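Visitor: Sharing a sequence plus its predicted fold:
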Amino acid sequence: MKNQLKKYSERILLMMMTLFASVSAFAQDGGLDIDVDLGKPEWYEQPWVWVVGGAVFILILVALLRKKR
């Protein structure tokens, strides 16, 4: 009798844990579709501007730090 009761209680516990896991998994699916469209990027947000600006900065830095002989 105790063995049978233990077997049923383990099955009920397993069923409850499975139910809780599935409910928590469904609860996390919000189904939200958020669209973050800020429009056309500004000129300073373009990657080529940063590359050209960095190259110009390095050239100016090299020219200023170069020792004249």
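Guide: Perfect, thanks for sending it.
Visitor: Look at Asp35 and give its secondary structure.
Guide: Look at Asp35: counting by DSSP: H, G, I helix; E, B strand; the rest coil, its state is coil.
Visitor: Now it, what are its backbone angles?
Guide: phi -110, psi 110 (degrees, to the nearest 10).
Visitor: likewise Pro41?
Guide: Torsion angles, degrees, to the nearest 10, at Pro41: phi -70, psi 150.
Visitor: give the contact list for it.
Guide: By CB atoms under 8 Å, 6 or more residues apart in numbering, the contact set of Pro41 is empty. In short, each C-beta sits where N, CA and C put it, glycine included.
Visitor: burial count for Leu61?
Guide: Neighbour count for Leu61, taken as other CB atoms under 10 Å: 10.
Visitor: Now do the SS call for it.
Guide: When classified by three-state DSSP, Leu61 comes out as helix.
Visitor: Quick check: the gap between it and Pro47.
Guide: Note on Leu61: its distance to Pro47, by CB to CB, to the nearest Å, is 21 Å.
Visitor: All good on my end, thank you.
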